[in-house]
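Student: I'd like to go over a predicted model; first the sequence, then the structure.
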Amino acid sequence: MSSTTVPLDTSTKRPVHTSIVIGRHGERQLMDGWHERERDGRCDVSYRAGKEAATLELARLRGAKKIHLVLSGPIGLTSAPLDGRITINGRRHELPLAVDSWVLRVYPLETSRSQLSIRLELPNAPIPDQILKNGDARKLGWFLSAIWQE
């Protein structure tokens, strides 16, 4: 999961990486729809929870054919598997999750653009307070720990 830094993006004045590892690098590439960084107490994994829809941007790794994500979700707050989607530069893919653990998902990179615009969506994202009565009114979408290209 090495990251390649490319020249500064002059519109944002920040480096653009080909990967993101929460707590290590690339978090400034998380755009809209993200909550603050957290840690999973079960396994000490750092992650950022998205909202119902969350976006991120990556520089395209030259020659990469696949994108890999390590993610989880608020499956403990629902009575059914999570059924979401990921969109990569306009190409939409299903993103299901049926277990309450961290999983690896791999999707094809079917674009030649130098920038990757990625959107993670979880329709009907649960709100913890509605189930647990714990005061947490955030809508919780996908939990992202890492994303990289190969």
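Tutor: It's in. Residues are numbered from 1 along each chain as shown.
Student: ranges for the strands of the chain?
Tutor: 20-21, 34-40, 45-50, 53-59, 66-72, 82-88, 91-97, 103-108, 115-121, 143-149 (DSSP state E).
Student: Dump the ones you listed into CSV; add mean neighbour count and distance to residue 137 as well.
Tutor: C-beta coordinates here come from the backbone N, C-alpha and C atoms, glycine included. Below are these laid out as CSV (neighbours: other CB atoms under 10 Å; distance: least, CB to CB, whole Å):
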stretch, mean neighbour count, distance to residue 137
strand 20-21, 22, 26
strand 34-40, 14, 12
strand 45-50, 21, 13
strand 53-59, 21, 17
strand 66-72, 19, 21
strand 82-88, 18, 20
strand 91-97, 14, 23
strand 103-108, 12, 27
strand 115-121, 19, 20
strand 143-149, 23, 17
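Student: Go through the ones you listed and name the closest to residue 128.
Tutor: strand 45-50 (10.3 Å; CB to CB).
Student: how far does stretch 20-40 sit from the chain's center?
Tutor: Put simply, stretch 20-40 sits 8 Å off its chain's centre (CA atoms, centre = their mean, to the nearest Å).
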